[in-house]
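Q: Give me the fold of what follows.
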Amino acid sequence: KEMYLEIAWNLGFLPIALRQAVSLMLFGPRYTASRLWEKLENEDRLEILRKGRAAAETDELTIESTFDLASPLLTPELIVALEYLAVCSPGPVPLDFLQRLAGSEEIEERLEQLFAFSWCERREVEGNRAYELHQLVRELVQRRFGKGFKEEFIQLVHDMFTDEEVHFSIKDRYYLQLEEAFLLAKESKDKRLIRWLYRLFDFCTYRGYGDFYLRLSECVESLFPDDRKTLCTIYNHRAKIFKDWGKLEESMRLLKKGEKIEEELGNWSGLAACFGNQALILRAWCKLDDAMALHKKEEKIKEKLGDRVGLATCFGNQALILQIQGKLEEAMALHKKEETICEELGNRAGLATCFGNQALILQIQGKLEEAMALHKKEETICEELGNRAGLAACFGNQALILSDWSQLEEAMALHKKEETIYEELGDRAGLARSFGNQALILRDWGKLDEAMAFHKKEETICEELGDRAGLAACFGNQALTLSDRGQLDEAMALQKKEETICEELGDRPGLARTWWNQGLIYEEKKDYKKQAQLWQKSIQINKTMGIPTEEDEKALAELEKKMKKK
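A: Presented below is the predicted three-dimensional model:
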């Protein structure tokens, strides 16, 4: 028994591998238990496992005979426990999930017996106990006993993932079960998949499961092609995912398909949402007037329908356009209207977004303490809701404030947390922003080569996504790095590229920024007249946007004094 348990432990409790090990022990060289353990701890262990796997894949009798040899140990209760595991796997199945599926905590004792008999593996996943069947054993159980408890399994997954009270972090733990339930539901053309389409969107987009949602939407579209209302939802949700991935042309194409169906159905609510989503893409393309026109059409419909939630979102999106145009006071007024509605409705997700956008305006206005306070409120809500994308953006914006306060180590730590989340979510646009902001800190530390490398990664992503505004800012920041190296002509060439894009996009804050930085290059060249002209233009734009200019005006006054002395 001691030897058996030692071998079992070393071979990961896989029955098929055990059979190979026992054969080796009986018919090959005779090893003591300790010698066999020592042998199995090195690369020979992997070779034995490979032989076991290969034998099972080419000869089903291997695993079948192993099962038959052990079957006297399997009571009816243990077979039921095996069936529960078989329907939930592949992958580790959390104990609490199995207890809910079985409707009893007593299944834990049976699972422990299966583990002791080497029929399943027990592991800890993020501090929670889970059990897992080897895939070969799972297939055998399903061949012998069928897919028992299939309906109960799908229903439990359905209940968990459509319940808005279940936190996203809990749903994360059961994601492997969601994948398996989806395959079973797809196989049986289960109409519950339509409800998943509506209830799983936020979970999938917040937690980085966009690929799964696309598969779900494609499945529902193919199974229920005559459900036109659902088709509109599919197109809108799919468009949102493609937009987040930077595939704006594909996103707009889907929204236009949805708009056509909404008009045919006379669905005013859906049409308003479609206008709003198209406006977001137009804003990303910096077609600001066209975007605002669509938001106004959206606002009119939502006012007529009494859609307060939609109206709040519409106000927030209009405010973002005004902010880009430098109309900060008007933008803040709309955000306050948005905040009031979200507070009245208890819309926590909308409130977090609103706080974050107000904080950005306060940052532009130099009110950093107020901005940080709002970002902290935003962070708290995102944590509560499990909104990973919102949390990443919040970390990034807090890091910018810390950079302004010269707390660079703390700022870089937040940018790294931001980067990690964006990597997990596959958010390329967010990743580009994070790379760019990390580059600015590296530049402040004098690590110019590392800074330029990060800016080049940022530039590549912006080019891929067609993000013209991001590309302009990236060129400007690369120019600052080149200036630090003394490469003034190359720096000016990049500043001019930034200026051209900002003029094309109507990006007034961007123009103010690049003119000021071009002035700094002329200062290095001792061309103070051109420097003063550019700084005056920069200050004038910032004044019209309500951005504080006192420090800039002091710098200009000092420059003019210097010019008079000469």
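
Q: And the residue most central in space within the chain, what's its pLDDT?
A: For the chain, residue 425 is the residue whose C-alpha lies nearest the centre (C-alpha atoms, centre = their mean; 2.7 Å). If you check residue 425, the pLDDT there is 81.

Q: give the contact list for it.
A: Contacts for residue 425 were tallied using C-beta atoms under 8 Å, 6 or more residues apart in numbering; they are 207-208, 210, 388-389, 392. For every residue, glycine as well, the C-beta is placed using N, CA and C.

Q: For those, work out which two are farthest apart.
A: Spatially, the most separated pair among these is 210 and 392, at 14.7 Å (C-beta to C-beta).

Q: Tell me which of these two has more neighbours.
A: residue 392 (27 against 21; other C-beta atoms under 10 Å).

Q: re earlier: how close does the residue nearest to the centre of the chain sit to residue 245?
A: 10 Å (C-beta to C-beta, to the nearest Å).

Q: shared neighbours of those two, anything?
A: residue 210.

Q: where exactly do the strands run in the stretch 101-250 of the chain?
A: 121-125, 128-132 (DSSP state E, counting those that start in this stretch).

Q: Where among the ones you listed is average confidence lowest?
A: Looking over these, mean pLDDT reaches its minimum on strand 121-125, with a mean of 86.

Q: which strands and helices sit next to that strand?
A: Applying 3 or more C-beta pairs under 8 Å, 6 or more residues apart in numbering; DSSP states H and E, we find strand 121-125 packed against helix 107-116, strand 128-132.

Q: List the pairing partners of that strand within its sheet, with orientation.
A: Using DSSP bridges, the strands paired with strand 121-125 are strand 128-132 (antiparallel).

Q: pLDDT below threshold where in the stretch 151-300 of the chain?
A: Where the stretch 151-300 of the chain drops to pLDDT under 70, the residues are 246, 286.

Q: Tell me where it has helices.
A: 168-173, 175-187, 192-199, 201-206, 210-223, 228-244, 248-265, 268-284, 288-305 (DSSP state H, counting those that start in this stretch).

Q: Same question for the stretch 401-550 of the chain.
A: 408-425, 428-444, 448-465, 468-484, 488-505, 508-524, 528-544, 550-565.

Q: now the shortest one and helix 508-524, what's the angle there?
A: With axes from the mean of the first three to the mean of the last three C-alpha atoms, to 10 degrees as the criterion, the two stretches helix 550-565 and helix 508-524 enclose an angle of 30 degrees.

Q: Please name the nearest non-neighbouring residue to residue 160.
A: Nearest residue to residue 160, sequence neighbours excluded (C-beta to C-beta, 6 or more residues apart in numbering): residue 166, at 5.7 Å.

Q: now do residue 422
A: residue 430 (4.0 Å).

Q: just residue 129 next, same as before
A: residue 95 (4.4 Å).

Q: For that neighbour, list the residues it contacts.
A: Contacts of residue 95 (C-beta under 8 Å, 6+ apart): 108, 111, 128-131.

Q: likewise residue 217?
A: So residue 217 contacts 197, 234, 237-238 (C-beta under 8 Å, 6+ apart).

Q: closest one to residue 294 among the helices of the stretch 401-550 of the chain?
A: Among these, helix 488-505 comes nearest to residue 294, with 17.6 Å by C-beta to C-beta.
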